[in-house]
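# no sequence on hand, only this structure:
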């Protein structure tokens with residue numbers, strides 16, 4: 001009888017843990033389906049924020065799962081599109097520190113610089129992270145974009161057009 005109680009107590013938490021994991025994953029799948037397979041032209045911001053929170057909750061609970069860095073990247077993408085730059089940078093920082101070998105880590109660093117540039121207009125920080133990106137990933141597909149961004153940081157569209165026109169005349 002004692003053995004039965006012991007075995008039951010050992011199995012209980014594992015089952016609940018697996019059930020909880022499946023519950024979070026099911027909620028993520030449901031929200032993804034609602035947000036990304038919708039015929040609506042406008043994004044439901046509340047559901048998008050809920051999805052970001054679910055992604056982060058999953059990663060907090062299961063940081064070693066292979067899907068965790070992808071969930072952080074998806075969360076950062078949604079956050080960036082919701083124009084939540086501080087949260088976006090926080091999520092990119094988690095990818096950079098917790099998942100340095102993740103295949104999208106270079107993109108996370110590039111996009112971190114982009115958020116500083118485009119959403120926060122903090123050109124010093126943007127330059128710092130574009131240059132770090134170029135140092136760490138000089139052969140990346142985004143290297144040319146980073147170089148152009150550093151060259152044009154803080155310039156208005158009118159300034160860029162004038163420079164382009166001047167280069168065309170030369």
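Perfect, thanks for sending it. Owing to the predicted nature of the structure, the values given are computational and were not obtained by experimental measurement.
# all helices for this structure, in order.
2-36, 45-61, 68-81, 85-98, 105-118, 123-136, 143-152, 157-169 (DSSP state H).
# and the shortest one, what does it pack onto?
Other elements packing on helix 143-152 under the criterion 3 or more CB pairs under 8 Å, 6 or more residues apart in numbering; DSSP states H and E are helix 105-118, helix 123-136. C-beta coordinates here come from the backbone N, C-alpha and C atoms, glycine included.
# let me know which of these is tucked in deepest.
helix 105-118 (a mean of 22; mean count of other CB atoms under 10 Å).
# what does that one contact?
By CB atoms under 8 Å, 6 or more residues apart in numbering, the surrounding residues in contact with helix 105-118 are 69, 73, 76, 80, 85, 88-89, 92-93, 95-96, 99, 102, 122-123, 125-130, 132-133, 136-137, 140, 142, 145-146, 149, 153.
# and that helix with helix 143-152, angle?
With axes from the mean of the first three to the mean of the last three CA atoms, to 10 degrees as the basis, helix 105-118 and helix 143-152 are set at 20 degrees to each other.
# same list (the helices of the chain) but as TSV, adding mean pLDDT.
Output for the helices of the chain, formatted as TSV (pLDDT from 0 to 100):
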stretch	mean pLDDT
helix 2-36	62
helix 45-61	96
helix 68-81	97
helix 85-98	98
helix 105-118	97
helix 123-136	97
helix 143-152	94
helix 157-169	79
